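J.: Sharing a model that was predicted from the sequence below.
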Amino acid sequence: MTEQTTLDRIQEAFLAPPDKALKLNARERNIKERYEKVFTFWHQNPHLPDKKIVNFLVNQCGVSRSLAYRDLRSIKYLLGCVRTLSKEWYRHMVIEMCRSAYIMAKTRKDPKGMALAADKIGKYLKLDKDEEEPLPWDQLIPPNFEPDADVTILGIDPIPDIEAHRQKLRRQTLAKYDPGSFQQAQEVTPEDEKAS
């Protein structure tokens with residue numbers, strides 16, 4: 001079994017039910033609380049760019065700037081990107097506002113207002129456009145590439161006597177280097193790694 005990373009343990013702690021909560025050590029609890037604090041702040045201010053969130057981490061949580069960027073990446077991984085979530089929320093809000101406008105126009109018996117609100121909902125949801133047919137993924141055939149050593153397929157003229165050409169290139173390359181400057185490689189054993 002592979003050893004769990006700190007991020008894995010924190011993710012497990014977020015996802016575990018309260019009665020089966022994972023026991024985190026003090027350092028991991030501190031990180032988890034920091035993530036929760038930042039996510040709450042970010043959720044309250046979804047318009048803030050990443051740089052402002054990093055500044056919040058540095059100033060409010062007392063971490064270095066590089067750790068703040070790593071924390072932000074981990075927060076996005078564990079809890080999701082607030083901007084994406086808030087975009088869905090704003091979509092919902094726009095639809096609800098148009099729906100409220102329709103209801104208000106209907107209670108005032110204003111057919112023009114009702115039509116305008118319905119038109120906005122229809123355009124926002126793209127109901128005025130035809131639905132695209134889904135791609136027939138089961139009918140798509142991937143290209144069948146067949147490897148070949150014949151370069152003429154690509155429109156390239158073959159090199160006559162290729163082996164002689166390779167040997168010439170090897171000699172030219174080796175002539176650039178002094179063979180005496182090369183050192184013999186040494187095999188490293190696990191005992192050698194432990195000693196270092």
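T.: Now that the structure is in, tell me what you want to look at.
J.: next SSE after whichever strand or helix holds C98?
T.: Taking DSSP states H and E as the definition, C98 sits inside helix 82-107. The C-terminal neighbour of helix 82-107 among helices and strands, as given by DSSP H and E, is helix 111-124.
J.: and the next element down the chain from that next one?
T.: According to DSSP H and E, the helix or strand after helix 111-124 is helix 162-175.
J.: Buried residues, that following helix. List them.
T.: Buried residues in helix 162-175, counting neighbours by 16 or more other C-beta atoms under 10 Å, are absent. The C-beta positions use only the backbone N, C-alpha and C, and glycine is treated the same way.
J.: on that earlier part again, which strands and helices lie in contact with the helix holding C98?
T.: Applying 3 or more C-beta pairs under 8 Å, 6 or more residues apart in numbering; DSSP states H and E, we find helix 82-107 packed against helix 26-44, helix 111-124.
J.: I'd like those as TSV, with distance to G155, mean pLDDT and mean neighbour count appended.
T.: Putting the helices and strands packed on helix 82-107 into TSV (distance: least, C-beta to C-beta, whole Å; pLDDT from 0 to 100; neighbours: other C-beta atoms under 10 Å) gives the following:
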stretch	distance to G155	mean pLDDT	mean neighbour count
helix 26-44	55	87	15
helix 111-124	51	86	14
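J.: Out of those helices, flag the one nearest I162.
T.: I162 lies closest to helix 26-44 among the helices and strands packed on helix 82-107, at 58.7 Å (C-beta to C-beta).
J.: I'd like to know which elements the closest one is packed against.
T.: Using 3+ C-beta pairs under 8 Å, 6+ apart: helix 26-44 touches helix 6-15, helix 50-61, helix 65-79, helix 82-107.
J.: what residue ranges in the chain score low on pLDDT?
T.: 1-3, 18-21, 81-87, 89, 178-183, 192-196 (pLDDT under 70).
J.: Domain ranges for it, per the record?
T.: Segmentation of the chain into domains, based on automatic domain parsing, reads 6-80, 85-124.
J.: what's the closest of those domains to L169?
T.: When these are compared (using C-beta to C-beta), the closest one is domain 6-80, at 45.0 Å.
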